[in-house]
Structure formats: structure tokens, C-alpha cells
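**Q** coords please:
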Amino acid sequence: MESTQQLQEKAREIQERLGPQIEEAKRGLSDLNTRVKAFVRERPGVCLLGALALGFVVGRIASRR
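**A** The predicted model follows:
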């Protein structure tokens with residue numbers, strides 16, 4: 001069985017490898033969120049119609065049970 005110190009070292013290595021990728025994903029999601037918010041503010045009617053259509057489709061799929 002591995003010691004606590006070895007497990008901590010492995011966890012540190014994984015964090016060092018994945019840290020930059022996680023930060024890049026955070027930045028990408030933040031950018032996407034900003035763009036989506038801007039789109040919704042510029043075109044609220046289109047977004048409402050899209051939500052209505054999506055709700056209709058999901059409702060039709062769910063009612064087939």
C-alpha cells in the first residue's frame with residue numbers, strides 16, 4: 001500500500017499537469033458565458049422563441065413514454 005506522502009506527491013503532479021488545462025477551460029467558459037449573455041441581450045425575442053421551441057420538442061419527447 002502506498003504511503004500518504006506518495007499519494008500527496010501524485011496528487012501534486014496531477015494538479016500541476018491539469019491545472020493549466022482547467023484554467024484554460026475556465027477562461028473559455030467565461031468567454032462563452034459573456035457571448036451568450038450579449039446575444040440574449042441583443043436578441044431577446046429570438047431567445048424566447050428558441051426556448052419555446054426547445055420546450056415543445058422536449059415535451060413531445062417526454063410525452064411519448
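**Q** where does this protein dip in pLDDT?
**A** Judged by pLDDT under 70, the chain has its weakly predicted residues at 1, 65.
**Q** all helices for it, in order.
**A** 4-42, 44-63 (DSSP state H).
**Q** tabulate those helices (a markdown table), appending mean neighbour count.
**A** Bear in mind the C-beta positions are built from the backbone N, C-alpha and C, glycine included. Formatted as a markdown table, the helices of the chain follow (neighbours: other Cβ atoms under 10 Å):
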| stretch | mean neighbour count |
| --- | --- |
| helix 4-42 | 10 |
| helix 44-63 | 10 |
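**Q** quick one, phi psi at Arg43?
**A** phi -130, psi 60 (degrees, to the nearest 10).
**Q** near it, how many other residues are there?
**A** 12 (other Cβ atoms under 10 Å).
**Q** mind checking how far Ala51 is from Ser30?
**A** Counting by Cβ to Cβ, to the nearest Å, the gap from Ala51 to Ser30 is 23 Å.
**Q** again with Arg60
**A** If you go by Cβ to Cβ, the gap between Arg60 and Ser30 works out to 34 Å.
**Q** do the same with Leu48
**A** Counting by Cβ to Cβ - Leu48 and Ser30 are separated by 25 Å.
**Q** likewise for Leu54?
**A** Distance, Leu54 to Ser30, using Cβ to Cβ: 24 Å.
**Q** likewise for Gly45?
**A** Relative to Ser30, and taking Cβ to Cβ, Gly45 is found at 26 Å.
**Q** go on, Phe39?
**A** Phe39 is 15 Å from Ser30, by Cβ to Cβ.
**Q** Val46 too?
**A** From Val46 over to Ser30 (counting by Cβ to Cβ), the distance is 23 Å.
**Q** kindly report the same for Gln5.
**A** From Gln5 to Ser30 the distance is 36 Å (Cβ to Cβ).
**Q** do you know how far the residue most central in space within the chain is from Gln21?
**A** Residue closest to the mean C-alpha point of the chain, counted by Cα atoms, centre = their mean, is Leu29 at 6.4 Å. Remark: distance between Leu29 and Gln21 (Cβ to Cβ) = 13 Å.
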